[in-house]
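Q: sequence unavailable; structure follows:
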């Protein structure tokens, strides 16, 4: 991970920390440079307001050791796939040049902003790599090495046909909890932290570690050699 650039995109200020925060903590520890791109300030949330949530997001980014950017894409509950929003995000991808790009999973049974953020990143990732995309002429094309998806809510159907990979985050559980607690306005009335920690615990038990975070890919993942497979573990049960 040393020097690898990771860009994680979320619809709301807390999505990234909840969905892939432990993975990012591990990546930063191993030398990755992480940028968080958030598409709204969560101003329509039941708890908190935009100003409060922006402060919470900055606090979390600082704790993570990441850079935080807010990008306008229609506002909280108004994020929808359209050409303007897709090009805006594609410009961010070309500017930030990530090796790994992260976005929410896109299943239907969740906040619509999460689903739309999934589609926006997926489309922007493609437009960012096409050489003659109208509207992107001022920037060089960029292709991320990996496009991965993280899960936020519990309404998915076991990956919805995506390829999954479990990442051992056992040594980051306590720091991950602290990272999620940065979003105090969101966790005081709902068990979001318990949901994420218990899910990671179940994944970890399945592969013989304490906790694991699951990421998804639409494409098959390539091991660079047979030696890479020697570090892989499969499900125990």
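A: That came through fine. Nothing here was measured: the structure is a model prediction, and the numbers come from that model.
Q: so which residues of this structure form strands?
A: Taking DSSP state E to define them, one finds strands in the chain at 5-10, 33-38, 67-70, 100-104, 146-150, 163-168, 212-217.
Q: and these as CSV, adding distance to residue 236 and mean neighbour count?
A: Backbone N, C-alpha and C define where each C-beta goes, glycine included. Formatted as CSV, these follow (distance: least, Cβ to Cβ, whole Å; neighbours: other Cβ atoms under 10 Å):
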stretch, distance to residue 236, mean neighbour count
strand 5-10, 29, 25
strand 33-38, 31, 23
strand 67-70, 38, 16
strand 100-104, 27, 27
strand 146-150, 23, 22
strand 163-168, 12, 17
strand 212-217, 12, 22
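Q: okay, these in CSV with distance to residue 92 and mean pLDDT next?
A: Supplementary listing: the strands of the chain in CSV, determined by distance: least, Cβ to Cβ, whole Å; pLDDT from 0 to 100:
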stretch, distance to residue 92, mean pLDDT
strand 5-10, 8, 98
strand 33-38, 6, 98
strand 67-70, 7, 97
strand 100-104, 10, 98
strand 146-150, 14, 97
strand 163-168, 24, 94
strand 212-217, 21, 96
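Q: in a markdown table, list the ones you listed along with distance to residue 23.
A: Converted to a markdown table, the strands of the chain look like this (distance: least, Cβ to Cβ, whole Å):
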| stretch | distance to residue 23 |
| --- | --- |
| strand 5-10 | 9 |
| strand 33-38 | 10 |
| strand 67-70 | 17 |
| strand 100-104 | 8 |
| strand 146-150 | 8 |
| strand 163-168 | 5 |
| strand 212-217 | 5 |
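Q: which one of these lies nearest to residue 223?
A: Residue 223 lies closest to strand 163-168 among the strands of the chain, at 11.1 Å (Cβ to Cβ).
Q: the closest one to strand 212-217, inter-axis angle?
A: Angle, strand 163-168 to strand 212-217, by axes from the mean of the first three to the mean of the last three Cα atoms, to 10 degrees: 150 degrees.
Q: give me the residues contacting strand 163-168.
A: Contacts with strand 163-168, where a contact means Cβ atoms under 8 Å, 6 or more residues apart in numbering, come from 22-23, 26, 148, 203-204, 206-207, 209, 211-221.
Q: which helix is the longest one in the chain?
A: The residue-count maximum for a helix in the chain (DSSP state H) belongs to helix 112-129.
Q: tell me which residues in that one are buried?
A: Within helix 112-129, the residues that qualify as buried by neighbour count (16 or more other Cβ atoms under 10 Å) are 113-125, 127-128.
Q: closest to residue 193 among these?
A: Within those, proximity to residue 193 (Cβ to Cβ) peaks at residue 114, which comes in at 17.8 Å.
Q: still on that earlier bit, compare the strands of the chain and report which one is nearest to residue 175.
A: Nearest to residue 175, of all the strands of the chain, is strand 212-217, at 12.9 Å by Cβ to Cβ.
Q: residues in contact with the closest one?
A: For strand 212-217, the external contacting residues (Cβ under 8 Å, 6+ apart) are 20, 22-23, 102, 105, 146-151, 159, 162-170, 200, 203-204, 206.
Q: appreciated, that's everything.
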